[in-house]
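Colleague: Kindly return the folded structure for what I paste below:
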Amino acid sequence: MKITAAEVNKLRKTTGAGMMDCKKALVEAEGDFDKAIEILRKKGQKVAAKRADRESSEGAAIAKVSADHKKGAVISLNCETDFVAKNEDFIKLANDFAELALNFNTLEELLAADYNGITVAEKLTEQTGVIGEKIEIGSFKTIEAPFVGSYIHAGNKIAVVTGLSGSGDNAEEVAKDVAMQAAAMNPVALDESGVDQETIDKEIEIAKDQLRQEGKPEEMLDNIAKGKIKRFFKDNTLVNQLFIKDNKITVAQHVKTLGDDVKVNAFARVALG
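Modeller: Purely as a prediction, here's the structure:
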């Protein structure tokens, strides 16, 4: 059956697949447009399976905040090469998925969500076939708070959303400041209570080993190690870190510019590479 150039072009625009792949799919589908799309998707599934063990450490990290500033979402759309990561269509897709992510709380829900008539999971498979690289959502996190702000680091390599317990005239700027802090300093937790016991035990053991090497007596190790743990919390928990824009105050103190009772109560950070 004769397939026209217009039909091939329409399928190419709809799917983003190459001209020859579109023509072959239409021939195989005997001109049935929907069936041709399904054939291209199946081709994508084969590519996805073939590339399942490939690294997808490049991509775009995107943060989005709901219109009422009550919820934030961060995702990374991962690919294999920097070339694809910088592609405008790829970045648009990452933004679309991040916007969609605001409506869900788990990656499973997001993957099952509708995206222009197909699921997000199907779109990922389709794009894997189109681009010829493994494409996947590598990270997905959401937070909810009385006021949520965001920050995306240049080049879409780090995205952060932060939640504040209250708002004010400069709430958006302050929330962004805190998100920038989290992007730059990569805290392990929001505060001391968020650091798991395994991490604390490991840090205490490291501190003790260092003290032994310095020749400190064994009976002094516990007390000195406790001091080192306090320093660890100061350096590695978001609210206790020195504020990067003014190292005379902590992040918690900066947030209090909105009001004495305003605190950071959540953050989510996604980074690539």
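Colleague: After the helix or strand containing Ile137, which helix or strand is next? Please name it.
Modeller: Assigned by DSSP states H and E, Ile137 belongs to strand 136-144. Counting by DSSP H and E, the next helix or strand C-terminal to strand 136-144 is strand 147-152.
Colleague: just to revisit the earlier point, list the buried residues of the strand holding Ile137.
Modeller: Residues 136-143 are the ones in strand 136-144 that count as buried (16 or more other CB atoms under 10 Å). C-beta: built from backbone N, CA, C; applies to glycine.
Colleague: other SSEs contacting it?
Modeller: strand 71-79, helix 88-101, helix 107-112, helix 120-131, strand 158-164, strand 264-271 (3 or more CB pairs under 8 Å, 6 or more residues apart in numbering; DSSP states H and E).
Colleague: which one of the ones you listed lies closest to Glu205?
Modeller: When those are compared by CB to CB, strand 264-271 sits nearest Glu205, at 26.4 Å.
Colleague: what's the angle from that closest one to strand 136-144?
Modeller: 170 degrees (axes from the mean of the first three to the mean of the last three CA atoms, to 10 degrees).
Colleague: in strand 264-271, what counts as buried?
Modeller: Within strand 264-271, the residues that qualify as buried by neighbour count (16+ other CB under 10 Å) are 264-270.
Colleague: Just checking: what are the partner strands of that strand?
Modeller: Strand partners for strand 264-271, identified by DSSP bridges, are recorded as strand 158-164 (antiparallel).
Colleague: helix or strand right after the strand it pairs with?
Modeller: Following strand 158-164 in sequence, per DSSP H and E, is helix 171-185.
Colleague: Return whatever helix or strand comes next after that next one as PDB; C-alpha atoms alone will do.
Modeller: Sequence order places helix 197-213 as the next helix or strand after helix 171-185, per DSSP H and E. Extracted C-alpha coordinates of helix 197-213, given in PDB (Å, rounded to 0.1, in the frame of the first residue of the first chain):
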ATOM      1  CA  GLN A 197      21.300   6.800  64.200                       C
ATOM      2  CA  GLU A 198      23.500   4.800  61.900                       C
ATOM      3  CA  THR A 199      25.000   8.100  60.500                       C
ATOM      4  CA  ILE A 200      25.500   9.400  64.000                       C
ATOM      5  CA  ASP A 201      27.200   6.200  65.200                       C
ATOM      6  CA  LYS A 202      29.500   6.200  62.200                       C
ATOM      7  CA  GLU A 203      30.500   9.800  62.800                       C
ATOM      8  CA  ILE A 204      31.200   9.100  66.500                       C
ATOM      9  CA  GLU A 205      33.400   6.200  65.500                       C
ATOM     10  CA  ILE A 206      35.300   8.300  62.900                       C
ATOM     11  CA  ALA A 207      35.800  11.000  65.600                       C
ATOM     12  CA  LYS A 208      37.100   8.500  68.100                       C
ATOM     13  CA  ASP A 209      39.500   7.000  65.600                       C
ATOM     14  CA  GLN A 210      40.900  10.400  64.800                       C
ATOM     15  CA  LEU A 211      41.200  11.200  68.600                       C
ATOM     16  CA  ARG A 212      43.100   7.900  69.200                       C
ATOM     17  CA  GLN A 213      45.500   8.800  66.400                       C
END
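Colleague: Determine the set of other helices and strands touching helix 197-213.
Modeller: Packed next to helix 197-213, using 3+ CB pairs under 8 Å, 6+ apart, are helix 221-236.
Colleague: just the angle between the helix it packs on and helix 197-213, please?
Modeller: 120 degrees.
Colleague: tell me which strands and helices helix 221-236 is in contact with?
Modeller: helix 197-213.
Colleague: what is the rounded mean pLDDT of the helix it packs on?
Modeller: Looking at helix 197-213 alone, the average pLDDT works out to 86.
Colleague: Tell me the buried residues in that helix?
Modeller: So, applying 16+ other CB under 10 Å, buried residues of helix 197-213: 203-204, 207-208, 211.
Colleague: who's in contact with that helix?
Modeller: Contact with helix 197-213 is made by 188, 218, 220-221, 224-225, 228-229, 232, as judged by CB atoms under 8 Å, 6 or more residues apart in numbering.
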